[in-house]
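Colleague: Return a 3D structure for these sequence lines:
(2 chains)
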Amino acid sequence: MTQPQPPRHAAMLSISNGGSSLAAAADKQQPPQHLHTQSQSSQGLRVPSNRKTIYDRHLNRSRNAELSRASFAFLFAEMVTYAQRRVTGIQDLEKRLNEQGYPLGLRLLDLLFYRTMSSSTSSSLSSSSTSSSPPNRPLRILPLLHLIHGPLWRLLFNRPADALEHSVSPETPNEYMITDNDPLVNTYISVPKEMNMLNCAAFVAGIIEGVCDGCGFEAKVTAHNQPTEMWPGRTIFLLRFGESVMEREKVLERAGVK
Amino acid sequence: MSYYFTVLSPTDVPLFNIAFGTSKSGGDGIARFRFPDTAQYMNQFIIHSSLDVVEEAQWMNGNMYLKHIDTYPPASAYISAFLTPSGARFLLLHQPPQLPTNASSATTGSSSLLGSSFSGSAGSSSRASASSVAANPTSPQTEEAVRQFMTEVYENYVKTVMSPFYRQGMEIKSSVFRSKVTAAGRKWL
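Modeller: Alright, predicted model coming up:
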């Protein structure tokens, strides 16, 4: 299973030291002239000299790999700084963080399904059962929320979220809340007093919004501070689903779809 | 058997399409549609007209692979659909090869009325020369082959999507992706 992987920077290194390694790679496969014409014919598409494109890499390779928390904190701090440039207020800043998270949510959704699908088929191969069912796309709000609360949170933070609640107010049946007692993104961030409304987990809210939208559930997601004595960094993600989603939810309920 | 495969974004923008033929049982992998003059636009037309069925089916059935969902008898075109969780649609049009006139009339009759796998497999035993995948678009073997094909394309699609330079709704232009889809078609269909 585990093959020795080439070092991460192999492609970059071989590009930077130019001719020698390119020739070495070409020696293995074909004469250098041929390599040259091929790269010209493919309309400026640069193939790494070790010929490993993203399509040759396995998607489960980094499945159990963990990212260094320090480097993540550094990267996220830079993202907040970047988002803070030329913003007019806290809401604007949170909106920008949300927009940075959104495309990530769309991607994670596909990756999450791919990984659960491939693990379920491989386990079924070993037990040789024919009824391996890949995970279902969420059709109703509740399965979607469970997907976010469980698998998505585990993929991102290695643990499920802390609570999942439905709004008790009869006026807002379209509101749901996901609670994280100690969001990883806020661990190394202390918000200045004059900006105490700011919650940088707006980035995570953007990820959630991307996941909801990708599944076809139009939603607005915001992050709110709600500290308790035990959890000073407790954050609530408020999901507000759109009219169309609530209408469809009623139709599907009548049709008996789960 | 000839195939036309297309990827549509959640907002119905075509992201990728390819036509190819079967490579099983001596096929050379070149598409030979029944009406070659009009195939280029008719295939797109047929495949896009099945979107209504897909959109109805996608909220009734949570599977990613929706199986055979639509048939267009005049061109004996069968359409299978696969939905990614993020809303992209993979549609595959398959058209069995043209048979002698008496057999082809039987094919269209059975396909339009009885889409069941039983009648399809019964038909194949009489036409033993063709392979199981090629001859019966609704047989369980074909469904399984198409599912395998879709799953392999999905893997490559996820790799495309994970690229930081790809935004949702962008056309997939990578020649590597195209060759991977061709390879999947050769392997399964």
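Colleague: Could you use CA atoms for every contact and neighbour count after this?
Modeller: Will do.
Colleague: confidence score at the residue of the stretch 151-258 of chain A found nearest chain B?
Modeller: Nearest to chain B, among the residues of the stretch 151-258 of chain A, is A:Gly214, at 4.1 Å (Cα to the nearest Cα). Note for A:Gly214: predicted pLDDT of 92.
Colleague: Show me what from chain B comes close to chain A.
Modeller: Within chain B, the positions near chain A by Cα under 8 Å from any Cα of the partner chain are B:59-60, B:62-64, B:84-87, B:155-156, B:158-163, B:167-168, B:175-177.
Colleague: leaving aside the residues next to it on the chain, what's closest to A:Trp231?
Modeller: For A:Trp231, ignoring the flanking residues on the chain, the nearest one in space by Cα to Cα, 6 or more residues apart in numbering or on different chains is A:Asn181 at 5.9 Å.
Colleague: For burial, what's the neighbour tally of that neighbour?
Modeller: 19 (other Cα atoms under 10 Å in any protein chain shown).
Colleague: before we move on, what about the one 3 residues further on?
Modeller: A count of neighbours around A:Leu184, defined by other Cα under 10 Å, yields 17.
Colleague: residues in contact with it?
Modeller: By Cα atoms under 8 Å, 6 or more residues apart in numbering or on different chains, the contact set of A:Leu184 is A:Phe157.
Colleague: And it, how close does it get to A:Asn64?
Modeller: Noted for A:Leu184: a distance of 18 Å to A:Asn64, by Cα to Cα, to the nearest Å.
Colleague: picking up where we left off before, was I right to think the residue nearest to A:Trp231 contacts A:Met230?
Modeller: No: contact between A:Asn181 and A:Met230 fails when scored by Cα atoms under 8 Å: they sit 9.0 Å apart.
Colleague: any idea how far the helix ranked longest in chain A is from the chain center?
Modeller: Criterion DSSP state H: the longest helix present in chain A is helix A:90-127. The chain centroid and the centroid of helix A:90-127 are separated by 4 Å, computed with Cα atoms, centre = their mean, to the nearest Å.
Colleague: Just the CA trace of the helix or strand just after it, in PDB.
Modeller: Counting by DSSP states H and E, the element after helix A:90-127 in chain order, helix or strand, is helix A:141-147. Below are the C-alpha coordinates for helix A:141-147, written out as PDB (Å, rounded to 0.1, in the frame of the first residue of the first chain):
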ATOM      1  CA  ILE A 141     -32.400  19.700   5.800                       C
ATOM      2  CA  LEU A 142     -31.800  17.300   8.700                       C
ATOM      3  CA  PRO A 143     -29.500  14.900   6.900                       C
ATOM      4  CA  LEU A 144     -27.600  17.900   5.600                       C
ATOM      5  CA  LEU A 145     -27.100  19.300   9.100                       C
ATOM      6  CA  HIS A 146     -25.900  15.900  10.300                       C
ATOM      7  CA  LEU A 147     -23.500  15.900   7.400                       C
END
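Colleague: Okay, buried residues for stretch A:242-251 please.
Modeller: Buried residues in stretch A:242-251, counted by 16 or more other Cα atoms under 10 Å in any protein chain shown: A:Val245, A:Met246, A:Glu249.
Colleague: how about the residues of the stretch 101-250 of chain A near chain B?
Modeller: Going by Cα under 8 Å from any Cα, the residues of the stretch 101-250 of chain A near chain B are A:103, A:106-107, A:109-111, A:113-114, A:134-139, A:211, A:213-216.
Colleague: Try it again at 10 Å.
Modeller: Applying Cα under 10 Å from any Cα of the partner chain, one finds that the stretch 101-250 of chain A approaches chain B through A:103-115, A:117-118, A:133-140, A:210-216, A:248.
Colleague: What ranges does chain B have for its helices?
Modeller: Using DSSP H, helices in chain B cover B:36-49, B:51-57, B:101-113, B:117-126, B:132-135, B:140-162, B:175-188.
Colleague: returning to what we had before: among the residues of the stretch 101-250 of chain A next to chain B, the buried ones, what's the ChimeraX command?
Modeller: In ChimeraX, this line selects whichever of those come out buried by 16+ other Cα under 10 Å:
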select /A:103,104,105,106,107,108,109,110,111,112,113,114,117,118,134,135,137,138,139,140,210,211,212,213,214,215,216
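Colleague: related to what we said a few turns ago, quick one: the buried residues of stretch A:242-251 as a markdown table, columns for distance to A:Val191, pLDDT and secondary structure too.
Modeller: Below are these laid out as a markdown table (distance: Cα to Cα, whole Å; pLDDT from 0 to 100; DSSP: H, G, I helix; E, B strand; the rest coil):
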| residue | distance to A:Val191 | pLDDT | secondary structure |
| --- | --- | --- | --- |
| A:Val245 | 35 | 92 | helix |
| A:Met246 | 36 | 92 | helix |
| A:Glu249 | 39 | 90 | helix |
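Colleague: CA atoms only: put stretch A:210-230 into CSV for me.
Modeller: The C-alpha coordinates for stretch A:210-230 follow below in CSV (Å, rounded to 0.1, in the frame of the first residue of the first chain):
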residue,chain,number,x,y,z
GLY,A,210,-20.6,26.5,0.4
VAL,A,211,-21.6,23.0,1.5
CYS,A,212,-25.3,24.0,1.8
ASP,A,213,-25.3,25.7,-1.5
GLY,A,214,-23.5,22.9,-3.2
CYS,A,215,-26.2,20.4,-2.0
GLY,A,216,-28.9,22.7,-3.4
PHE,A,217,-29.9,24.3,-0.1
GLU,A,218,-29.7,28.0,-0.5
ALA,A,219,-28.6,29.4,2.9
LYS,A,220,-27.0,32.3,4.7
VAL,A,221,-24.6,31.4,7.4
THR,A,222,-23.2,33.7,10.0
ALA,A,223,-20.9,33.2,13.0
HIS,A,224,-21.8,34.7,16.4
ASN,A,225,-19.9,34.9,19.7
GLN,A,226,-21.8,33.4,22.6
PRO,A,227,-19.3,32.9,25.4
THR,A,228,-20.1,30.9,28.5
GLU,A,229,-18.1,30.7,31.6
MET,A,230,-16.6,27.4,30.7
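Colleague: For chain A, give me its nearest residue in chain B.
Modeller: For chain B, Cα to the nearest Cα, closest residue to chain A: B:Ser86, 4.1 Å.
Colleague: if I look at that residue, how far off is A:Gly242?
Modeller: 18 Å.
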